[in-house]
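*Asks:* With the sequence up front, the predicted model follows.
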Amino acid sequence: MDATKKNIVKEVSIPFRYSFGHFQSRLFSEMRDFKKIWGTRCPSCGGVLVPPQGFCGQCHVKTGEWVEVSDLGILKGFGVVHIPFEGQVTNPPYVYAEIQLIGSNTTMIHILGEVDMTKVFDLVKVGVKVQAVWKEEGRTGSLQDIKYFRLIS
């Protein structure tokens, strides 16, 4: 390619609508309206799935019973993000966490907040308890209705 020629960059906008469906709609509307987290129970193994699913991924049977779970959880894994990328809701560095909510058999991914990043590996350990910090205003029905999870001492 001729070094004197420059690439032309153009922005393309693609409108897209997405329906959460029955299970995700209930999860996100309960989070938005009541700061509550719900999952579905598998009638075969008894596991509670959060986010709620129509079928158990382990037993391959239809779920049905709705179960409220706690906004307290256990840290199952984490990583520290240092590099910015498109779509981040917070600026690096921050802790990206895998959390199993109390009452759930599955994990979810969210951000840990209120963490002194100079002491992150002294403070953040697999097995510690965490709790959701909810937005007080402006909840829209998404995972971002939880601002972040904080460590519980």
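*Replies:* On my side now, so go ahead.
*Asks:* Spatially nearest residue to Val115 (excluding sequence neighbours)?
*Replies:* Leaving aside its sequence neighbours, Val115 sits nearest to Val95 (CB to CB, 6 or more residues apart in numbering; 5.4 Å). C-betas here are computed from N, CA, C, even on glycine.
*Asks:* ah, wrong one, I meant Met108
*Replies:* Nearest to Met108 is Ile99, by CB to CB, 6+ apart, at 5.6 Å.
*Asks:* For the spatially closest residue to Ser142 that is not a sequence neighbour, list the residues it contacts.
*Replies:* In space, Ser142 comes closest to Phe28 once its chain neighbours are excluded; the distance is 6.0 Å by CB to CB, 6+ apart. Residues near Phe28 by CB atoms under 8 Å, 6 or more residues apart in numbering: 20, 141-142, 145.
*Asks:* follow-up on the earlier one: the residue nearest to Met108: how many residues sit nearby?
*Replies:* By the criterion of other CB atoms under 10 Å, Ile99 has 25 neighbours.
*Asks:* Show me what it bridges to in the sheet.
*Replies:* Assessed by DSSP bridges, Ile99 has beta-bridge partners Leu75, Met108.
*Asks:* mind listing the helices for this structure?
*Replies:* Applying DSSP state H to the chain gives helices spanning 21-34, 120-123.
*Asks:* Can I get those in CSV including mean pLDDT and distance to Thr90?
*Replies:* Converted to CSV, those look like this (pLDDT from 0 to 100; distance: least, CB to CB, whole Å):
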stretch, mean pLDDT, distance to Thr90
helix 21-34, 96, 19
helix 120-123, 95, 14
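*Asks:* a markdown table for those helices, including distance to Gly46?
*Replies:* What follows is those, written out as a markdown table (distance: least, CB to CB, whole Å):
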| stretch | distance to Gly46 |
| --- | --- |
| helix 21-34 | 18 |
| helix 120-123 | 34 |
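*Asks:* among the ones you listed, which is the most enclosed?
*Replies:* Most buried of the helices of the chain, by mean neighbour count (mean count of other CB atoms under 10 Å): helix 21-34, with a mean of 16.
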